[in-house]
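# give me a model of this one.
(chains A and B)
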Amino acid sequence: MFKKFTALIIAIFFITINAYAGSSGEIDLNKSEPKEIKDCFEKLNRATFSFNQGLDKAIIKPIAKGYRGLPDPIQKGTSNAVRNLSNLITIPNNVLQGDIKMAVINTGRLVVNTTVGLLGIIDVANKMGFPKYEMEDYGQTLGAWGVGPGCYLVLPVLGPSNLRDTAGSFVNVMGGDPWYNLSVHGNNEFLSQDIYMISKALSGVDFRANNIESFDNLEKNSIDFYASVKSLYTQDRENKIKNNKRGNIEVLYKDETDWEEIDKK
Amino acid sequence: MNIKKIFIILLLFNFNFTCVSSIEPDIFIQSTVNRASQILSKNISKDQKISELRSIAKDTVDILGVGYYSLGTIRKNLNEEQKLKYSNLFESYFLKSFSSRLSEYTNPKIEVEGKEVLNKNYTIVNSILVATSERPEVKIDWRVYTKDPDNPLIRDLIIEGLSLARTQKEEFASILNSNDNDIKALFRALEEFSK
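Residues are numbered from 1 along each chain as shown, chains lettered A, B, ... in the order given. You can find the predicted model right below:
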C-alpha cells in the first residue's frame, strides 16, 4: 500500500511539473505540441545518455546481437509473445482514449493469441485478418487528453522519455498494467516479479535487436547523436499520439514559417 | 500557309513542349531512386558509389534550402560571409551524410505508391522500401518542392513518419543552444564531420 502511495505521489509530482514545464509561469496543459523540445535537464540528460551508451555497448548490444543469432522462429515467437502481453496495457488505453471499437478488437486479439496462439507465441489474429496492431500506453493517453510532453528526460537504462511519458509509465506500476499486477501481486505459483522483469528485458532486447543497423547508421551520421535521438523520440511520440501512420506535415513541421521565409528569398 | 496557321502551330508546339518538360513529382522520385538503386547494385567500390550518389543528390535535392531550414531563425543574424561559409560547410556535410547513409544499402528496391499534392509548391510522394529477409518494409515519403514544375527538388525525407529535415534542424539547434548560439560552434561541428 505504501509502495502504491509513493508511486502515486511521484506520478502527481511529474504531472504537476509537466503542467508547468515549458511555460513562462502559465499553466500550459493544453499545449500538447510545443514548437521546441524543452531540455530542462540537459546536462543530467547528456550524462545519463553517455551512461546508457556505455551500458549498451558493453551489455545490451552484444546480447541483442546474440539474440539475432537465434533461429528465426525463436525470435519471432519471443517478439510475438511480448507484443501480446502489451495488449494488456493497450486495451485500457484504447478505452481511456474513447476508442471502444479498437479495445474490443484488441481484446479479441489477446484472447485468440493467448489461447490458440500458445501464450502469444504465434500471431494467429494477424493470420485471421485482424487490423494491424498499434500499441498504446498511458503516456499516449495523457497526450491524447491534451497534456504536453514537458521537459525531455533520459532515464537510466530505459532511455529517452519526457515528464508526461514517465508519469504514464508510473501508472503501469500503480495498477494500470494487469500483467504487472498478476505477476507481482498475483499470489500465484506460476508468476513472480522475476517473470515480469524477464518479460520486460526480453521486450527491450527484441527492440534493440531489430534496430542494430538503424542505430549504428544514425550514430555514424549525426553531428550530435544525443540531439538526433531526442528529436526522433519526440517525433515518434507525436505521431503515436495523433495515430499518424505516416508523417503528417502539420505535426512534423509545427508551422511552415521557416520554409515560407526561405521560399521568398 | 497563312500567318494564323503558323501562329496556331507555334502555340501548339509551345503547349506540347511545356507539357513534356514539366516533370511529375512521383515520376521524378521514381527515376531518382532508380538511378540510386542502379549505383548501389553496381560492382564498384564503396567510395565510387558514394561519389556517384553525391552527384545524384546535387541534381535532385534543394541542398541550400534544406541548409537554411536546418539553421532555424539564427540564419537571420548571419552576415554574407557567414552565410557563404555555412552554405559550403552544409553542402559538404549533407553530401557526406546522405551518401554514407545510402551506401549502407545494397540493391534497395523502392516503389512509389502515390502522391498527394499539398499546394502548388509542395507534393508528398509516398513510397516503400520493399522488405527483405533481413529487414521489414519501410515507408518513405518525399517532400518535393514543385514551385518550378520543370525542376522539382527534394526538400525532406520522411521515414516511417520521422522527418530528416526536422531531425537535422533540432540537432543544429541543440549544438547552438549548448554554445550560446555561437555559429562558430556549428561551423566546427560541420567541419569535423566532413573531414
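# for the residue nearest to A:T90 when sequence neighbours are not counted, phi and psi?
Once flanking residues are discounted, A:T90 sits nearest to A:E136: 4.6 Å by C-beta to C-beta, 6 or more residues apart in numbering or on different chains. For glycine as for every other residue, the C-beta is placed from the backbone atoms N, C-alpha and C. The phi/psi pair for A:E136 (degrees, to the nearest 10) reads phi -130, psi 150.
# I'd say A:E136 and A:L88 touch.
No. Taking contacts as C-beta atoms under 8 Å, A:E136 lies outside contact range of A:L88: 11.2 Å.
# those two: who's more crowded?
A:E136 (26 against 18; other C-beta atoms under 10 Å in any protein chain shown).
# quick one: contacts for that one?
Taking C-beta atoms under 8 Å, 6 or more residues apart in numbering or on different chains, we find A:E136 in contact with A:89-90, A:93-94, A:97, A:240.
# just the ones in helices from these, please.
A:89-90, A:93-94, A:240 (DSSP state H).
# give the contact list for B:I159.
B:138-141.
# now, of the residues you listed, which are buried?
B:139-141 (16 or more other C-beta atoms under 10 Å in any protein chain shown).
# for chain A, what are the nearby residues on chain B?
B:65, B:68-69, B:72-73, B:93, B:97, B:100-101, B:104, B:118, B:121, B:124, B:126, B:135, B:139, B:141, B:143, B:147, B:155, B:158, B:160-163, B:166-167, B:169-171, B:173-175, B:177-178, B:189-190, B:192-193 (C-beta under 8 Å from any C-beta of the partner chain).
# so which of those belong to strands?
B:124, B:126, B:139, B:141, B:143, B:155, B:158, B:162-163 (DSSP state E).
# could you report the pLDDT at the residue nearest to A:G143 when sequence neighbours are not counted?
Of all residues not flanking A:G143 in the chain, A:I241 sits nearest, at 3.7 Å (C-beta to C-beta, 6+ apart). For A:I241, the pLDDT comes out at 95.
# run a quick neighbour tally on the closest residue to chain B within the stretch 51-200 of chain A.
Closest contact between the stretch 51-200 of chain A and chain B, by C-beta to the nearest C-beta, is at A:D72 (8.9 Å). When neighbours are counted by other C-beta under 10 Å, A:D72 registers 9.
# equivalent analysis for the one 5 residues further on, please.
A:G77 has 19 neighbouring residues, counting by other C-beta under 10 Å.
# please tell me how far the residue of chain B at minimum distance from chain A sits from A:I223.
Residue of chain B nearest chain A, by C-beta to the nearest C-beta: B:S174 (3.4 Å). To A:I223, B:S174 is 10 Å away according to C-beta to C-beta, to the nearest Å.
# residues in contact with stretch B:117-125?
Stretch B:117-125 is contacted by residues A:249, A:263, B:25-26, B:28-29, B:112, B:114-116, B:141-147, B:152, B:155, B:158 when judged by C-beta under 8 Å, 6+ apart.
# buried subset of these, written for PyMOL?
Of the contacts of stretch B:117-125, the buried ones go into a single PyMOL selection, burial set by 16+ other C-beta under 10 Å:
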select buried, (chain A and resi 249) or (chain B and resi 25+26+28+29+112+115+141+142+143+144+145+146+152+155+158)
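# now the helix ranked longest in chain B: buried residues?
Under DSSP H, the helix in chain B containing the largest number of residues is helix B:80-103. Buried residues in helix B:80-103, defined by neighbour count with 16+ other C-beta under 10 Å: B:85-86, B:89-99, B:101-103.
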